[in-house]
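Asker: For reference, the sequence and a predicted model appear below.
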Amino acid sequence: MTAEFKNNDDINKLRNIINKKKDSNKTFITMCSGTGCLASGSGKVTEAFRNSFKKMNLESKVEVKTTGCHGFCEHGPLIVIRPSGIFYHKVTPEDVDEIISETILKSKVVDRLLYVNPSTGEKIIYEKDVPFYNKQMRILFGKNGILDPTSIEEYIGLGGYSASEKVFSRMSSDEIIDEVKKSGLRGRGGAGFPTGFKWDFCKKAKGDMKYIVCNADEGDPGAYMNRSLLEGNPHSVLEGMLIGAFAIGASEGIIYIRHEYPLAVKTIENAMDQMRKYGLLGNNILGSGFNFDIRIVPGAGAFVCGEETALIASIEGKKGEPRQRPPFPAQKGIFGKPTNINNVETWANIPLIINNGAEWFTNIGVEGANGTKIFSLVGKINNTGLVEVPLGTTIREMVYDIGGGIPKGKKFKAIQTGGPSGGCIPENLLSTPIDYVKLAQAGSIMGSGGLVVMDEDTCMVDVAKYFLGFLQEESCGKCLTCREGIERLLEIVTDITEGKGKMSDINLLEELGNVVKDASMCGLGQTAPNSVLSTLRYFMDEYEQHIKYKRCPAVVCKEIISSPCQHVCPIDTEAPLYISLIAEGRYEEAFNVIMKDNPLPSVCARVCSHPCETKCQAGKFSDPISIRGLKRFVTDYAQKNDLKYLPEKQETKKEKIAIIGSGPAGLIAGYYLGMNGYQTTIFESLPVHGGALSVCIPEYRLPQAILEHDIKNITNMGVEIKYNVTVGKDISFEELRKTYQAIFIATGARKSIKLGIPNEDADGVLYSMDFLRDMALGKKINVGSRIGIIGGGNAAVDAARMASRISSIEEASFNAMIDTAGMASRLTDFEEATLIYRRTKSEMPAFEEEIKACLDERVKMQFLTAPKRILVKDGKITGLECLKMELGERDDSGRKRPIPIEGSEFIIELDTLIIAIGERPDLSFLDEIEGFEVNKGDTIKVDTELYTTGIDGVFAGGDVVTGPNTVIEAMGSGKVVAGLIDKYLKGEPVERKYEVTRPSMFVKPVELTEEEVAEARRPLMRCTPIENRTCSLDEVDLGLSEENAIKEARRCLRCDLETEEGKKQFEPAEEVA
Amino acid sequence: MASFRIDGLDVEAEEGWTILETAKFYGIDIPTLCHDDGLTSYGACRLCIVEVGEGKNAKLTTSCTTPAQEGIRVRTHSRRVMNARKMIIELMIARASGSKTLQDLAVEYGVQSVRFKLKHDDCILCGLCVRMCKEQMMSGAIDFVGRGKDRRITTAFDEKSVDCRFCGGCMYICPICELRCQGPDPPGAICGSCLNMAPTCLDHYDDAQCFMAEDGCGTCVREPAKEKIAEKEE
């Protein structure tokens, strides 16, 4: 069959023969054998199939075909059974027999191997229905899944080389170039120069010999689309080169390919041999008199050799360094001859354009960016893989529809396009269409098609540092701006990530970055600063956080954060220190470490939202350390053994300070002010102290006795609490100002927000804050037996979104709702409590353990439901008319927006409805006072750093400033304000000093035995049995046992020892010597 | 012959001339460092960059390597060029502050401080010595090794070269290993003891003025007349 093609008809004849031979009834399994699937073990699966077929004598009926990359690499090894198109993912050799016996022989689907759509939970049988595929347009990649890349006959059978046939028989070189020009094809390697014009330049250039080059030096980290094209469909690239050579008049073609792509080299070499056999390379191709051959030049892996002048130097056998253009390669290329260089993907587009015509091509994509582009979608994304889409597809479609969103429900932060030379595009530009111009406007580049998705746990300064580090290694070093410039950029960025940055560094980065971009010799230097410049443009606040506040918001930069748990604690609790002390059994020391920063430890050990655990490094690979549980253990131990922490109290000063509100913020501020010797008075409008701690958080989570125990710490500092005194009613604010030299407003946010639906004033409609307060104060409340609770993200929360702590705020409102539900379920008449939420459970921002506890306690949850109207009879509530919701398009936050379904009204019968959609501060006591500025959500406007209000000497903090928020955030502000009031009264400048996080001492790390490592697991808290919880206010969590506490503490990864300083602490003796 | 324009002046270049050669022929000053008339152009130090083209499509390119082309517009002292040159000089001095050649350039271009950490490497990898050795002395005893920040100049395998004839050509041509600048050993890296000759007109105009204004703008020595600037802006 391998007769040389003498003319164009020969190809057609062969194609007919091949297609006649094809048995359309034969089942064949296409087994993805791209790099990704090979790595996940597709080779073994193929072998298993072949062996089984042999054993079962099925070889004549079924065939396994190893193909190139299918693209859905995350789910490899992938197989598709054709012609039916059944799609199995993550196939192992153990699955082979079942697939043969069920699917091949009985045409039944093996359920467990089907792909499950993660957003709907629905199982998908056919490849074409997988959302990852059906949103794509795979004109280049389409054949990858059905084609055996080692066989030229298969390619010809599928219509391959028909474009060559057309070109050689019917088109002049000018016509070809014209067609390519008309198609608007732009270079796919990065710069996007119009291909047709490039060819034209080279064709018109004078020279006795011309070269064409296929640039397969794909070097971007995480990008592998060229590789997959070469491995999966080599002839499409080679055919493109053949046509290009004919059009330009080149006699020699070179494929410059990375040495690291051995499979691609092998496939291409094999494909070229086959071409030669058929006379598609060599002399007098297809009887046209045209001579052309291709050879491979392997590159040694230098990133810069992807740049065309460096690539030419490398082909010539010189050191791979670029030179200044002009002259351009089209004028002076390889050995001074005119040379045309195109990317793999560009070449692969050529046969398609010739076959289908320029007009067909211009209909794909958008104006100025025609055709499709293959991207490698990697990073923090569910569906890692290769994706081919029409240009102009938006980044949002790419990330959410094809990519399937961010794993673990994390928040999208940025996407890096174009590899290390590209820029980072932030969330608010998710609607940017991916084309050359729009990406450039956003400060990035198309590049060769790398897309790296980053989530909230990515520090953008660290990202800039990573890419600069890469480019510093890969810069050839020839030109000064690139070599010196990148090194200096990296030096400055590294300083910033280590907390040694200065604000002037930002200007310097910008200035230097622009010069490097402007004055460097080649594309590498000209794009190298993109990562810095784009992150400066979109994430300036992160740079500022690192420099000014020594904080890394994503908790990544080691030298700044030390241990994530300590770094994120609003009151600077040295968690790693007390954990390591517990591991050694030094409980009293651990207790002292906790007390040093927190006068309410037993309270926090129960109700803290533990941001420390959220960011715990142990949680990245298994469960986070139960830091709150360990604190609980130490405080329980201290109570049992009557341990006392006695800080030194300064001599009493003459200044008097008033604190309004005895909630967490007020109490901790009072504690530290009292310690400093100030005469401090807390004014509380209720008959009890603790604010939210006593009247919002239910007894079963925080027993009153525990609160009393901790309050003693405060009063021991000489702080006086005046009960039943409402400022503005019992004592005027002006009076306070006269008597007290400084005032701290910490009145919290305890006014429930109204729902704004008809009949809200009916009997039986309660507000969560009133309900919880009256319960706490022991008042009698009339509730029925069927209780509904409405909550969730709401208008108030949306308004508060400006505040940066959005997630914790939502969490806070949400927890109020869960608390309400929990409390309702403990009422004596309780029959049924239903929680009504307009989104779904996965969008619930409350702690998972609380939601779980709620479900355990027989609270029903009604998701995707919004209230419409309260039904009333005789002034009393009888039910709630609700609307069903569905999740619609994603908003800019990446969350799906709930949309009411029209006509879906239904009624929930209720005799009590508790509204818990959010709270606001009650600022009525400040009505007459001038000087305060009030924000939209009724919060007091303060200096975000210094908590100062418009009035001299008056500070405000806690929920009254942030809106409903967590206990620990309120305590954090109280602690800071105490320090600032001290400075204010001493006449020192009121300012805060920021330093990088470090523990006050280092404890020797423990060594774990292998057994311990194997069974290391987060212990479960002992809990009151569920049957005892209803109708009871007893505490649910019972704390860790000593044995479990030590085990858990020993599990700590000791991040504090990973800073430069920490590493030096316990170096092994021999290394020191 | 190519006719084009440098700094508003119509010039004509012989076949094969670069922009730099043309500018020199017409007496237009473009600073160079890694360029030497007897050696091939290299384009590594970037000091001789000029702005070619107009408006949005204007690009910076090294005049020592760019061939003179018909009809191009070249600006040798535009603000963009001068900003880049200043940064380039600052980067060089941060690497090798003892060079008098570099210190003089700093004075000429008004670079008054170095904001980077000082490295006393005494080599800016301009490659003059390498080309001198290869092209003039026909030896090739030294060359670049390494990539990126590890790039350095050395003999083959870091061993004493058999090709070296100790001609000293490399030292002769080096802009760094020369008589050390005699200024005070500075706390910052800029010596600055000589005169500051940087043109101040760039604060007001987009091009340096001295060589092109008919009546001499005089911004270097006195505040520009406000009307004049207003007039210009109109």
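Answerer: Yep, that arrived.

Asker: so what's the residue positioned nearest the centre of chain A scoring on pLDDT?
Answerer: Centroid-nearest residue in chain A, with Cα atoms, centre = their mean: A:Asp455, separated by 1.7 Å. A:Asp455 is assigned a predicted lDDT (pLDDT) of 92.

Asker: can you check B:Lys59 too?
Answerer: Here the pLDDT value assigned to B:Lys59 is 92.

Asker: Please apply the same query to A:Ile255.
Answerer: Looking at A:Ile255, the pLDDT reads 95.

Asker: check contacts around it.
Answerer: A:213-214, A:216, A:241, A:268, A:294-297 (Cβ atoms under 8 Å, 6 or more residues apart in numbering or on different chains). The way it works is simple: take the backbone N, C-alpha and C, and place the C-beta from them, glycine included.

Asker: and those residues, which are buried?
Answerer: If you count burial by 16 or more other Cβ atoms under 10 Å in any protein chain shown, the buried members of those come out as A:213-214, A:216, A:241, A:268, A:294, A:296-297.

Asker: For chain B, just list every one of the helices.
Answerer: B:19-25, B:79-95, B:100-109, B:128-131, B:169-173, B:226-233 (DSSP state H).

Asker: Looking at these, which is nearest to A:Leu702?
Answerer: With Cβ to Cβ as the measure, helix B:79-95 is the member of the helices of chain B nearest A:Leu702 (58.8 Å).

Asker: Can you name every helix or strand that that closest one contacts?
Answerer: If you count contacts as 3 or more Cβ pairs under 8 Å, 6 or more residues apart in numbering or on different chains; DSSP states H and E, helix B:79-95 packs onto helix A:480-497, helix A:504-519, strand B:49-52, strand B:59-62, helix B:100-109.

Asker: List just the nearest of the buried ones among the contacts of A:Ile255 to A:Ser288.
Answerer: The shortest approach to A:Ser288 among the buried ones among the contacts of A:Ile255 belongs to A:Met241, at 15.7 Å (Cβ to Cβ).

Asker: so how far is A:Gly523 from that closest one?
Answerer: In this view, A:Met241 and A:Gly523 are 23 Å apart by Cβ to Cβ, to the nearest Å.

Asker: One more: A:Leu311?
Answerer: Between A:Leu311 and A:Gly523 the computed distance is 11 Å (Cβ to Cβ).

Asker: just A:Leu777 next, same as before
Answerer: According to Cβ to Cβ, A:Leu777 stands 71 Å off from A:Gly523.

Asker: out of those two, which sits in the busier spot?
Answerer: Ranked by neighbour count (other Cβ atoms under 10 Å in any protein chain shown), A:Leu777 and A:Gly523 place A:Gly523 first, with 21 against 12.

Asker: For chain A, what's the nearest residue on chain B?
Answerer: B:Arg151 (3.4 Å; Cβ to the nearest Cβ).

Asker: So that residue sits against A:Cys482, correct?
Answerer: No. Taking contacts as Cβ atoms under 8 Å, B:Arg151 lies outside contact range of A:Cys482: 10.8 Å.

Asker: More neighbours: which of the two?
Answerer: A direct count of neighbours by other Cβ under 10 Å for B:Arg151 and A:Cys482 places A:Cys482 higher, at 29 against 18.

Asker: For the more buried one, which non-adjacent residue is spatially closest?
Answerer: The shortest distance from A:Cys482 to any non-neighbouring residue, by Cβ to Cβ, 6 or more residues apart in numbering or on different chains, is to A:Gly525 (3.1 Å).

Asker: pretty sure that neighbour belongs to a helix, no?
Answerer: Yes. Counting by DSSP: H, G, I helix; E, B strand; the rest coil, A:Gly525 falls inside a helix.

Asker: on that earlier part again, weakest of the helices and strands packed on helix B:79-95 in terms of mean pLDDT?
Answerer: Of all the helices and strands packed on helix B:79-95, helix B:100-109 carries the lowest average pLDDT, namely a mean of 87.

Asker: now for that one, which elements pack on it?
Answerer: Against helix B:100-109 (3+ Cβ pairs under 8 Å, 6+ apart) you get helix B:79-95.

Asker: Run a quick neighbour tally on B:Cys48.
Answerer: Residues near B:Cys48, counting by other Cβ under 10 Å, number 26.

Asker: My guess is it contacts B:Cys64. True?
Answerer: Yes. Between B:Cys48 and B:Cys64 a contact is recorded at 5.0 Å, counting by Cβ under 8 Å.

Asker: what is in contact with the two at once?
Answerer: With Cβ under 8 Å, 6+ apart, B:Cys48 and B:Cys64 have common neighbours B:20, B:32, B:35.

Asker: quick one: which of these is nearest B:Asp143?
Answerer: Nearest to B:Asp143 among those: B:His35, at 18.9 Å, using Cβ to Cβ.

Asker: Need the pLDDT of the residue of chain A found nearest chain B.
Answerer: Closest approach of chain A to chain B (Cβ to the nearest Cβ) occurs at A:Gly477, with a separation of 3.4 Å. Note on A:Gly477: pLDDT of 92.

Asker: So it sits against B:Gly146, correct?
Answerer: Yes. The pair A:Gly477 and B:Gly146 passes the contact test of Cβ under 8 Å, sitting 7.1 Å apart.

Asker: More neighbours: which of those two?
Answerer: Remark: of A:Gly477 and B:Gly146, A:Gly477 carries more neighbours, 24 against 12, as counted by other Cβ under 10 Å.

Asker: Now do the SS call for that one.
Answerer: Following three-state DSSP, the label given to A:Gly477 is coil.

Asker: Now it: closest residue in space that isn't a chain neighbour?
Answerer: B:Arg151 (3.4 Å).

Asker: swap in A:Val366?
Answerer: A:Gly392 is the one closest to A:Val366 (Cβ to Cβ, 6+ apart), at 3.3 Å.

Asker: related to what we said a few turns ago, buried subset of the shared contacts of B:Cys48 and B:Cys64?
Answerer: Among the shared contacts of B:Cys48 and B:Cys64, the ones that count as buried by 16+ other Cβ under 10 Å are B:20, B:32, B:35.

Asker: need the contact list for the second one.
Answerer: When contacts are counted by Cβ under 8 Å, 6+ apart, B:Thr32 is found next to B:20, B:45, B:47-48, B:64.
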